[in-house]
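Asker: Structure for the following, please:
(chains A, B and C)
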Amino acid sequence: MPEYFKDFWRRFFDSDIWWSFKSSPLVVVASIVTFIMIFSSVFATYVAPFNPFDLAQFDLMDNLKPPVWMEDGTSKFLLGTDDQGRDVLSTILYGSRVSLLVGFLSVIFAMIIGIVVGLVAGYSGGWVDAVLMRIADVQLSFPAILIALLVDGIVRGILPKGSHDELAVYVLIVAIALSFWVQYARTVRSSTMVERTKEYVQAAQVIGLPQPLILLRHILPNVMGPVLVIATIQLALAVITEATLSFLGVGVPPTSPSLGTLIRVGNDYLFSGEWWITVFPGLALVILVLAVNILGDWLRDALNPKLR
Amino acid sequence: MTLLKIEGMRVEFPSRRGSVVAAKDVNLELASGEILGIVGESGAGKSTIANAVLDLLDPPGIMPKGKVFLEGERIDGLSLEQMRKIRGKRIGMIFQDPLTSLNPLQTIQEQLVETITTHLPMNNKQALERSIEMLEKVGIPEPAIRIKHYPHQFSGGMRQRVVIALSLCAEPDVILADEPTTALDVSIQAQILDLMRKLVKETGVGMIIITHDMGVISDVCDRVMVMYRGDVVEIGPTRKILGNPDHPYTRSLISAVPRPDKRLHRFPLVEYIEEAGVPYKPIDIKTHWLGQARDFDKPKSDHLISIKNLEMRFLTVDSVFKSKRKYLRAVDDVSFDIREGEVFGLVGESGSGKSTVARLICGIYKPFGGQVIFDGTDLTALGSRRVANHYRRQMQMIFQDPFSSLNGRMRVGDIVAEPIKFHKLASSNAEVKSIVNDLLDHVGLGAIAAKKFPHEFSGGQRQRISIARALATRPRFLICDEPTSALDVSIQAQVLNLLKDLQEELSLTMLFISHDLPVIRQVCDRVAVMRDGKLVEVADTEDLFEAPQTDYSRHLLELMPRLEGLSGAG
Amino acid sequence: MVMLTVALIAFAMFQFVGDPIANMVGQDTSLAEREQLKEDLGLNGSIFTQFGHFVKNAVQGEFGRSYRLRKPVRELIAERFPATLELSLLSAFLALLVGIPMGVFTALRRDSWLAQGFMTLSLIGISLPTFLIGIFLILFFGVMLQWLPTFGRGDVVDLGWWTTGFLTISGWKSLIMPAITLAIFQMTLIVRLIRAEMLEVLRSDYIKFARARGLRERSISFSHALKNTLVPVITIIGLQIGSLIAFAIITESVFQWPGMGLLFIQAIEEVDIPIMSAYLLLIAFVFVLINLVVDVLYYAIDPRLRMD
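Answerer: Residues are numbered from 1 along each chain as shown, chains lettered A, B, ... in the order given. Below you'll find the predicted structure:
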């Protein structure tokens, strides 16, 4: 189908979305930054100067070296080293890999739960809808971070003590996903309710298409727009939440640190002057989240026909 | 005396694909005590004129050229503050939708008093007295009590009266009314127009009414200006423009207005409009795909469809207890028959239940009671999905809203192909494709349409896509639910012509639903009148229009704009 | 409804998560002692009687004893509650005081450079995880400039039933950074929310009609547009303010603020169920309270609700 794709790209480059993308330098920069950060963390093994988990590659003698431009800094460790002599730049790259992994997986997981619940509730209505939305309401009145903390705490209680560290990443993904699905569910539900009364759905009914087919082929594609916007914004939120939980000490263990864990570990050295151990992972986190947020913001405005 | 004068006005909306010129070289004069109508179809640029006069163009609209004079004094290019003193004080404006024009959080009193004290040297007490006077003038009963109420406590018609009071309360000399009655029911529309005419004659203000509705023009306007795609094509006395128009567009427009007084076979002369599309080519039904394997050539009885005691209720107040639930009886004991090959009309005001009947027949809603008998089979008691689909294929529906009746995420070709594939009416994908192209060609769009998405088409073209989709199952019975009420008159005329051609060619049976009596007269063989879910009268169309048997039918016919002096194009 | 659901969850935690006895006692405790403890904690009896017991106790403010600290949860919470409340109230005050005017300004003058600047700031604001704001503030004002204390509440005045930091200079000094940290995220949310809603309202027909009647701009912006903006915004702001108490967990942990959040986070690490459930119920109670206030406000603002 090369013709089909050519057609797709022609449409894409002619679309208002591409136009508004091009005309906003901030958005272009943000997407480049996002791409670089995702790329370099996915390929951290090749990009990073050191492997911070390979004991042979670091030396306790190198510990607490400041960044290269300060006195005592060496060009070997561009952003300095931490208490164990690990290169901060490398730990950041490996750390953002964990952060992004948790972010993406939890968003996808939350999205799947949310879309299914939202479609079912919105299309079937009645008591199914009432029950599902009641649950959503109760959950929505609590901040996501609290829910995630709670889920994490409960799982900690259930799992045997030793296994927790290994499973921590998965627990975290589930905890964040369970605290985020409501947003999708509510959005999908309300758009489904709007869409299902539209005449194209009735036209499909008149043709004789069965309900599941109508839901999948007709309604789902029409409710995906806002879902993508939420997903982008929530990716940023998920990364923040992961970092926060790890910072609070209930997230990813220091054996495979995420950005949040790095900040937590570095926090202890803040008062003794070794600020770089905390500040650089912190900056990396902020830049990543900011870039994703700028994209999400732009996407929301670009897809909203009411603006402009 | 000339109140308002516009010279060489041009309005543009700059965008990345170049400037859209909404109005060019508009010249007009408005005298006191005069009502000037500006008429045109959507996109003609009529509303932008009013907005430009008051410097209220929605961004990014601009007025690069032209002069506006109010009583000889130039008012374009004034500062914001100077313009603010003209708005409301010297030029009042009335908007289309009374439901959204009023601030929902303030009482009518607060809104009136603020407007009056802003413009007139009055204290709050005097302003309140004047407000009550104004409400009385626009015909709101018990104004001293009603003034304390909030907008949501008024009906649509009453709210439009409040809007008019608000526009008039600071004694402006000129009123600009933008589609003032479009959002209202017919009966209320007539009252509001009466009120406006009365106020103009009493107070001697000048009024410009912007509308798409020839009925409104012929009812109240002294002079008319006709616009088409930003151009003023003609301006003159109402009688002259309606009766003996000079410009071909005006002639085309007027001939497209459905005549309430007699039935024409087709709408003549609608070719001026640029959207006319591929000319209609008759097909040979014996060899064409649309004529194949219709397997229902011999009807089992005279009546293709019989509706028996149909009933439908919608839950309005839910409760755990059955006895406490409240229902709206949307369709209440309705029975009628439709003969094979006829066009059966269903007419009524909004909320009369006519669309619900259509949805009950084609199975979108399950009836609360009663039967729908199609070709001798009761559709409400069908067992298997396979049998149901057999009948579904034979009846199709065309919907009202051209924008929501097509799935915006699918290509037009896929939309039309879906029923063919689902009912397995073609043996290969190549065949499906050729059928789709043929159908799109036949409804006047051309085969290239298949690759595009619905949003690339205008309202009229989208209705053609809907028609193609409905034809794709080779139906025998077609339900048209207000198929043209969202369209401009000239596009409506084209679509109605197309439906008529198809109906004759394929000998379709049709149920045609509309609130618009003149349209019904042009299209239908027999008509049923509905009110509040009940059937009022069933008659042959000409009989109903010439000799209505019930009070309600007479009432509806009286509300019809008479369009006196319409040119005798037919 | 919300309270009951949360009570159920809190109770379920007691039932299914971990073995409280094992958490409380050492290896060498005898079986008899364990049984005695079980009896004391009311862990014998059917699920229903236990739940009834639990709800009855909860209503009286009795949540049992902390597994870890061996003190009644009520005492612990009462000790910590003033600290959290003072922090949250000051933050809420800050967030509203700055957030609402900023939101209104960015909506009304949306093309001015100042409004654009505010929007950029707010984008950075939502991209900054709360704990990072805290760390950066500590680094700057605490470690580098040494102007403000970095942990604790400073000197507090004991009023018998309440301890307050509002009455001493060191109390105020200690409060500044945590309060700002906590306020920034909520503030940016409020700015963005108000702006979005207000832009929507400014596009509405009645605002256009008000303009067409020549009403004064000031009156249109404030008495017409702002009031209509508040209707949809008020619930969300209410919830946001409520979530301050939960977000205080993070702030308290960064600044070692002796509030409930700190207590809760320590409880999670130790799976100290009584504290977790009591905290949860308290939060739910606060939310129900806020919902009530929001409903009353709604009623005052929107005449459409006063009808039936």
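
Asker: dump the residue contacts of B:Gly341.
Answerer: Contact partners of B:Gly341, counting by C-beta atoms under 8 Å, 6 or more residues apart in numbering or on different chains, are B:Leu304, B:Ser507, B:Leu508, B:Thr509. For every residue, glycine as well, the C-beta is placed using N, CA and C.

Asker: if you set the cut-off to 6 Å instead, what comes out?
Answerer: B:Ser507, B:Thr509 (C-beta atoms under 6 Å, 6 or more residues apart in numbering or on different chains).

Asker: my read is it is in a strand, agree?
Answerer: No: with DSSP: H, G, I helix; E, B strand; the rest coil as the criterion, B:Gly341 is coil rather than part of a strand.

Asker: Tell me the pLDDT of it.
Answerer: pLDDT, B:Gly341: 87.

Asker: From B:Arg223, how far out is it?
Answerer: Here B:Gly341 is placed at a distance of 47 Å from B:Arg223 (C-beta to C-beta, to the nearest Å).

Asker: in chain B, what residue sits furthest out from the centroid?
Answerer: Taking C-alpha atoms, centre = their mean, the residue of chain B most remote from its mean C-alpha position is B:Asn123, at 43.8 Å.

Asker: Leaving out chain neighbours, which residue sits closest to it?
Answerer: B:Thr117 (7.5 Å; C-beta to C-beta, 6 or more residues apart in numbering or on different chains).

Asker: Next SSE downstream of the worst-scoring helix or strand of chain B on mean pLDDT?
Answerer: Ranking every helix and strand in chain B by mean pLDDT, DSSP states H and E puts helix B:385-394 at the bottom, with a mean of 81. Using DSSP states H and E, the next helix or strand after helix B:385-394 towards the C-terminus is strand B:395-398.

Asker: Does chain A have contacts with that next one?
Answerer: Yes: Strand B:395-398 comes into contact with chain A (C-beta under 6 Å from any C-beta of the partner chain), by way of B:Met397.

Asker: Is B:Ser350 in a helix, a strand, or coil?
Answerer: Assigned by three-state DSSP, the conformation of B:Ser350 is coil.

Asker: What about the residue in the stretch 1-150 of chain C that chain B sits nearest to, how many residues nearby?
Answerer: Going by C-beta to the nearest C-beta, chain B is nearest to C:Asp111 of the stretch 1-150 of chain C, at 10.0 Å. Neighbours of C:Asp111 under the rule other C-beta atoms under 10 Å in any protein chain shown: 7.

Asker: Could you pull up the residues touching residue 28?
Answerer: Let's take chain A. By C-beta under 6 Å, 6+ apart, A:Val28 has no neighbours at all.

Asker: oops, chain B please
Answerer: B:Ile6.

Asker: how far away is it from chain C?
Answerer: 19 Å (C-beta to the nearest C-beta, to the nearest Å).

Asker: does chain A sit close to the least confident helix or strand of chain B?
Answerer: Yes: counting by C-beta under 6 Å from any C-beta, chain A has neighbours in helix B:385-394: B:Asn389, B:Arg392.

Asker: Convert that helix to CSV, retaining C-alpha atoms only.
Answerer: The C-alpha trace of helix B:385-394 is given here as CSV (Å, rounded to 0.1, in the frame of the first residue of the first chain):
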residue,chain,number,x,y,z
ARG,B,385,-29.9,-12.1,13.8
ARG,B,386,-29.7,-13.6,10.3
VAL,B,387,-33.4,-13.1,9.7
ALA,B,388,-33.2,-9.6,11.1
ASN,B,389,-30.4,-8.7,8.8
HIS,B,390,-32.4,-9.9,5.9
TYR,B,391,-34.9,-7.2,6.6
ARG,B,392,-32.4,-4.6,7.7
ARG,B,393,-30.9,-4.8,4.3
GLN,B,394,-34.2,-3.9,2.7
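
Asker: So what touches that helix?
Answerer: A:Gly208, B:Phe374, B:Leu379, B:Leu382, B:His423, B:Thr473, B:Pro475, B:Arg476.

Asker: tell me which residues in it are buried?
Answerer: Neighbour counts using 16 or more other C-beta atoms under 10 Å in any protein chain shown place B:Asn389, B:Tyr391, B:Arg392, B:Arg393, B:Gln394 of helix B:385-394 among the buried residues.

Asker: from those, which single one is nearest chain C?
Answerer: Nearest to chain C, judged by C-beta to the nearest C-beta, of those is B:Arg392 at 41.7 Å.

Asker: Distance check, that closest one against B:Thr509.
Answerer: Counting by C-beta to C-beta, the gap from B:Arg392 to B:Thr509 is 15 Å.

Asker: now swap in B:Gly88 and tell me
Answerer: In terms of C-beta to C-beta, B:Gly88 sits 55 Å off from B:Thr509.

Asker: The two - which one has more neighbours?
Answerer: Comparing B:Gly88 with B:Thr509 by neighbour count (other C-beta under 10 Å), the higher total belongs to B:Gly88, at 28 against 24.
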